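In: predicted model and sequence follow; I will ask about them next.
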Amino acid sequence: MSEADDLRSLLSEHVAFLSSSCQSFDSGFDGEAKRLAVSARVLLHDTAKSRSLLGQMGLLDIPFYSTAARWNPKNLLAHHGLLQIAVGGGDASYRAPLDDRPPHLLRWVPFREWWSEVVFDDRRGNTLTRKEIVLSLANKEGGAHVDLNLTSSYETVTRHSSFWMVQTPEGPYPIEGKVERLAMRQIAHELLRTLRERRQTA
């Protein structure tokens, strides 16, 4: 078996890992976000000492599928570009919308733009990109490693920020949801769509 065959086999395994973890996440186990992050890190993240799987295959120069609302740094409202707010039964929560997005949000962008796009901004000086979400879940939150020294922005956005408040007769209350895990589910959806489209056109 050639090196190219080995790389294609590894890619097929990680596509299967992502698909299986997405199914488990959608069945109610949101801890799968950490395993999604590990596969995403293997596929996408280059360091001084290691190359990503897609980088080794020359697949980081293909367009990547984005479902995120565009970030406007001048906007005064908090930004949660990958998520939607679901309201029903007097309750509200964040959700990963998958492809249930307005058509103008669905676009194909260069990898580096996709990877470094701001997808959370609490308007208090804390922002997160897809890269920061993936690496935090994989390297710090127990996906592959545990490191309780989270970055200030990641800890604030995922532990302390309330992006939107719901108004009730009793007063406002924050919308609940583990935004980093839901965002990771959406990132995995984008990544799988990218890889599947690539396979169809290769």
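Out: Cool, got the structure.
In: all contacts plus neighbour counts: C-alpha atoms, from now on.
Out: Will do.
In: contacting residues for the closest residue in space to Leu106 that isn't next to it in sequence?
Out: Counting by Cα to Cα, 6 or more residues apart in numbering, Leu106 lies nearest to Thr67, which is 4.9 Å off, once chain neighbours are set aside. Applying Cα atoms under 8 Å, 6 or more residues apart in numbering, one finds that Thr67 lies in contact with 82, 98-99, 101, 105-107, 190.
In: backbone dihedrals for His79, please?
Out: When read as degrees, to the nearest 10, the backbone of His79 gives phi -120, psi 120.
In: how many other residues sit next to it?
Out: Close neighbours of His79, defined as other Cα atoms under 10 Å, add up to 22.
In: quick one: it from Thr151, how far?
Out: His79 sits 19 Å away from Thr151 when distances are taken as Cα to Cα, to the nearest Å.
In: and what of Pro63?
Out: Here the criterion is Cα to Cα. By it, Pro63 lies 29 Å from Thr151.
In: can you show me the helices along the chain?
Out: Assigned by DSSP state H, the chain shows helices spanning 3-26, 32-44, 53-56, 111-116, 130-139, 152-155, 179-201.
In: now those as a markdown table including distance to Ser93?
Out: Output for the helices of the chain, formatted as a markdown table (distance: least, Cα to Cα, whole Å):
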| stretch | distance to Ser93 |
| --- | --- |
| helix 3-26 | 15 |
| helix 32-44 | 17 |
| helix 53-56 | 34 |
| helix 111-116 | 25 |
| helix 130-139 | 20 |
| helix 152-155 | 20 |
| helix 179-201 | 10 |
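In: quick one: closest of the ones you listed to Trp164.
Out: For Trp164, the closest of these is helix 179-201, at 12.0 Å, according to Cα to Cα.
In: what residues sit buried inside that closest one?
Out: 179-195 (16 or more other Cα atoms under 10 Å).
In: same deal with stretch 110-122?
Out: 111, 114-115, 117-122.
In: centre of the chain versus stretch 88-99, how much separation?
Out: 17 Å (Cα atoms, centre = their mean, to the nearest Å).
In: for Thr129, which residues are in contact?
Out: Here Thr129 is in contact with 115-120 (Cα under 8 Å, 6+ apart).
In: how long is stretch 175-182 end to end?
Out: One end of stretch 175-182 to the other measures 13 Å (Cα to Cα).
In: mind checking pLDDT for Thr47?
Out: For Thr47, the model assigns a pLDDT of 92.
In: one more: Arg199?
Out: pLDDT, Arg199: 65.
In: all good on my end, thank you.
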